[in-house]
Structure formats: structure tokens, C-alpha cells
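> just the structure for this:
(one chain, ligands or ions: 2)
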Amino acid sequence: MPFAVLVTQHDKGKLIAPALAKLGVRVVENSNWNTDQLGTFAGEIERTLSPHACALEKAKQAIALTGLDIGLGSEGSFGGGPLPGIVNWNEEILCYYEPKHNRTIYAAASGPFPYESVVLNNSEALDQLTTPSAEGMHWIVNIGDELLKGLNLTMLKEAIALGERYSLRVWPLTVEPDLRALYCPPRQRMITKAAEDLARRLQALCPECEAPNFVVKQINKGLPCEQCSLPTEQALSETVCCDACGFSRSERVAHNAANPQYCRWCNP
Ligand SMILES: [Zn+2]
Ligand SMILES: [Zn+2]
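Ligands and ions are numbered 1, 2, ... in the order given. Below you'll find the predicted structure:
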């Protein structure tokens, strides 16, 4: 059974292992390299690399540390998405790096992220953090000029009580979600989805050379409008291509014409 090594200090292995186990790839964790040196969410260390470059760097370090053939690197980012400023967005990238076969595959998953920082004025306002969906979520606060991270709700209440007892400055209290994977269930679910995307890519083999990641890499627009037949921005075909040998194949999408609501002329 091939091994894939993941460098993490945030307990991500168990999120990624099940999807790859189905393909006979066993994920092992290594925590001997501090991934925080590439940047932290709380901002103590600034991120300078792009998320893709960060994920590849972690995967390379994984191989350098262990000498195994396959390295994995996981990297999350926040912001962007389809409604920036309105809906907070989380993207998780998972890089599969196998230098022996000259293979680098990026898998991803993204979706809305339900938390952002809130300012609370008193302990009653903590009720905002007790919704069922916030189960397992951890938080970051600053009490008496000390940054406290990785607090679950019970620990957060204790920290507030302690702060009040010693007359530290507690209120108004800015409560931020702790975005490190082991403290953040929504990210855990997104990392699992990225692992499933990786499994899909590893199973999609090129018919010419059998290299993996033979998936849709290009969407070609121009599906004709049902009403006036002019090309629209809707997908006309998709191109599946192989990074290893360059073989590609275009496939028409299932429908023959676009709804006129997407037509620049019929619905300007
Ligand atoms: Zn039209
Ligand atoms: Zn190929």
C-alpha cells in the first residue's frame, strides 16, 4: 500500500485519510515541521506565498522529512468567493506531489464560511455563539492585552470570568473564530471535501497514458440562445485534458440551447 505523508500540526490527517484509503493510499502524519512559518491566520506571521504555492511547499517538505514518495500539503484561505464582503468564503486546497512520476495535482473545495468576528458588550451576548451549528467551534479573544486562542465556549466563559475577577479590560469583547483546522469544524468539513476531490482526480486516468487527473480543465462558452441562436456566456463544451501527455478531448454539454435569460440580446 503506498504511503502519502502530510505535514500538519493541526490534526488534518484524519480528515483526508478516509477518501484516500478507498484508493489504497495510506495517509501518515508528520508534525516535525512547523507549517506556521508559512503564515498564520491570526496574523502573527504574514502569508507571502499564494495558497497553491503554500500547499506545494508543505507537500515538498513532507517528502524531504520522510523520504516517502508522495507528499500532501493542505492550505486554507478566506475571503473572495462569489459575493465578497457579503458572504465570507473558505477555500481549501490539497496538493498531491509525487516527484518520482513528475506529478503535482491540486484538489480543492470551497463554500460559504459561517463565522466572522463579532463584538460583544456583555456576557448575555455570548448566546450568539451557542447556536447548534457552532458546536465544536473555537474562538480567539483579547482579554487584558493577552491574546487567547483555541477557546471553546466553556473556556471562553472561564476566561471572561477570570478577567472580570481581576478587573482586566474585558468589554466590549471582540470574539474571532479560530481558523486553525483542529479548532474549526466548518474547515474540517471543507478539507474532507477537498480530499474527496483529490480521490476523484486520482481515479480519473488518461486513456492514452494512464496518468491521473484527467478531468475537465477548461469550460468553453458559447451555448446558442434558444430564441435567437446567438452565442451566450453559457458553457457549450468542456475540455478534459492530460497534464502528462497533452491528450485532450472536448465534450458537448448535455443541453442544446441556452435559456434566453442568459442571452445578451434577448435579455440585455
Ligand atoms: Zn437570444
Ligand atoms: Zn495522458
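> could you dump stretch 181-188 to CSV, C-alpha only?
As requested, C-alpha coordinates have been extracted for stretch 181-188 and formatted as CSV (Å, rounded to 0.1, in the frame of the first residue of the first chain):
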residue,chain,number,x,y,z
ALA,A,181,-8.3,23.4,11.3
LEU,A,182,-8.4,21.5,14.6
TYR,A,183,-10.5,24.3,16.2
CYS,A,184,-12.8,24.9,13.2
PRO,A,185,-15.4,22.3,12.2
PRO,A,186,-16.6,24.1,9.0
ARG,A,187,-13.0,24.0,7.8
GLN,A,188,-12.7,20.3,8.7
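> which residues touch it?
Residues external to stretch 181-188 that are found in contact with it (CB atoms under 8 Å, 6 or more residues apart in numbering): 8, 10-12, 15, 74, 76, 90, 92, 113-115, 135-138, 149-150, 177-179, 191. Every residue, glycine included, has its C-beta placed from N, CA and C.
> cool, stretch 102-113 as well?
The contact list for stretch 102-113 (CB under 8 Å, 6+ apart) reads 52, 55-56, 78, 81, 87-98, 186-187, 190-191, 193-198, 200-202, 211-213, 244.
> buried residues in it?
Judged by neighbour count using 16 or more other CB atoms under 10 Å, the buried positions of stretch 102-113 are 103-110, 113.
> ok, the residue of the chain positioned farthest from its centre to ligand 1 distance?
For the chain, the residue at maximal distance from the C-alpha centroid (CA atoms, centre = their mean) is residue 228, at 40.7 Å. Between residue 228 and ligand 1 the distance, using CB to the ion, to the nearest Å, works out to 3 Å.
> what separation do you get for that residue and residue 180?
Distance of residue 228 to residue 180, computed by CB to CB, to the nearest Å: 52 Å.
> repeat for residue 31
When distance is defined by CB to CB, residue 31 is 13 Å away from residue 180.
> compare neighbour counts for the two and give me the winner.
For residue 31 and residue 180, the more surrounded residue by other CB atoms under 10 Å is residue 180, and the numbers stand at 21 against 14.
> who's in contact with the more buried one?
Residue 180 makes contacts with 10, 41, 149-150, as judged by CB under 8 Å, 6+ apart.
> can you count the residues close to the spatially closest residue to residue 34 that is not a sequence neighbour?
Computed as CB to CB, 6 or more residues apart in numbering, the closest residue to residue 34 that is not its neighbour in sequence is residue 9, at 6.8 Å. Other residues lying near residue 9 total 16 when counted by other CB under 10 Å.
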